[in-house]
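K.L.:
Requesting a structural model of the entry that follows:
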Amino acid sequence: MAGKATHINRVVVQGNLTRDPQLRQLPSGSSVCELRIACNTARKDPTTGDWGTKPNFFDITVWGGQGESCARYLHKGREVTIDGRMDWREWESTKEGGGKRQAVSVVADQVKFGSERSETGDPGYDPADFEPVPVPVAAGGDGLTGADDDIPF
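P.N.:
So this is what the prediction gives:
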């Protein structure tokens, strides 16, 4: 057998939840939580040369107790950082027209709760249990770019 190739399937995404977490129990008793996040990407318009943002959306699956914590403490608009792996699925559609369907999602190994968008300053969770994700600030900048105004929710 020839040398074995090393493959890496790792992804880190940071963004805001586009909806409240959806927790369900499987017949086996396992908990699974589905999240959907939006991450803005800077794009240059080829016709005008102006820079703008384009949202990217990611479906996230969180298993077990970590998924239960997500369902309990997270809500639409909340910032999260996901460290996990990509998962590709394929299935036959039972809807009109049928055919093969495909989807790529992220299976979370770790979920870090980020900043809260609350006017009251109450983070909505116990900081002793969950550590917020530090947001890096560019040299000479204040870290406030107004990009939150571009998030599509």
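
K.L.:
For the residue nearest the centre of the chain, give me its contacts.
P.N.:
Residue closest to the mean C-alpha point of the chain, counted by C-alpha atoms, centre = their mean, is residue 37 at 4.0 Å. By C-beta atoms under 8 Å, 6 or more residues apart in numbering, the residues touching residue 37 are 13, 15-18, 57-58, 60, 80, 82. (C-beta placed from N, C-alpha, C; glycine too.)

K.L.:
Those, buried ones only, as a PyMOL selection?
P.N.:
To isolate the buried ones among the contacts of residue 37 in PyMOL, judged by 16 or more other C-beta atoms under 10 Å, type:
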select buried, resi 13+15+16+17+18+58+60+80+82
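
K.L.:
Where strands are concerned, which of the contacts of residue 37 count?
P.N.:
When the contacts of residue 37 are checked against strands (DSSP state E), the matches are 13, 15-17, 57-58, 60, 80, 82.

K.L.:
Which strand or helix spans the closest residue to residue 87 other than its chain neighbours?
P.N.:
Excluding the flanking residues, the one nearest residue 87 by C-beta to C-beta, 6 or more residues apart in numbering is residue 107, at 4.9 Å. When elements are defined using DSSP states H and E, residue 107 is found to belong to strand 100-113.

K.L.:
Now that strand: average pLDDT?
P.N.:
Regarding strand 100-113, the rounded mean pLDDT is 93.

K.L.:
Stretch 28-47 now?
P.N.:
For stretch 28-47, the mean per-residue pLDDT is 93.

K.L.:
Could I have the CA atoms of that stretch written out in PDB?
P.N.:
The C-alpha coordinates for stretch 28-47 follow below in PDB (Å, rounded to 0.1, in the frame of the first residue of the first chain):
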ATOM      1  CA  SER A  28     -32.200   7.200  20.700                       C
ATOM      2  CA  GLY A  29     -32.500  10.000  23.300                       C
ATOM      3  CA  SER A  30     -29.700  12.100  21.800                       C
ATOM      4  CA  SER A  31     -30.200  15.800  21.500                       C
ATOM      5  CA  VAL A  32     -29.400  17.700  18.300                       C
ATOM      6  CA  CYS A  33     -29.600  21.400  17.800                       C
ATOM      7  CA  GLU A  34     -29.700  23.100  14.400                       C
ATOM      8  CA  LEU A  35     -28.300  26.600  14.000                       C
ATOM      9  CA  ARG A  36     -28.100  28.900  11.000                       C
ATOM     10  CA  ILE A  37     -25.600  31.700  10.900                       C
ATOM     11  CA  ALA A  38     -24.800  34.600   8.600                       C
ATOM     12  CA  CYS A  39     -21.200  35.700   8.000                       C
ATOM     13  CA  ASN A  40     -20.500  38.800   5.900                       C
ATOM     14  CA  THR A  41     -17.700  38.700   3.300                       C
ATOM     15  CA  ALA A  42     -16.200  41.800   1.700                       C
ATOM     16  CA  ARG A  43     -16.600  41.900  -2.000                       C
ATOM     17  CA  LYS A  44     -15.600  44.400  -4.700                       C
ATOM     18  CA  ASP A  45     -18.200  45.300  -7.300                       C
ATOM     19  CA  PRO A  46     -16.500  44.700 -10.700                       C
ATOM     20  CA  THR A  47     -18.500  47.400 -12.400                       C
END
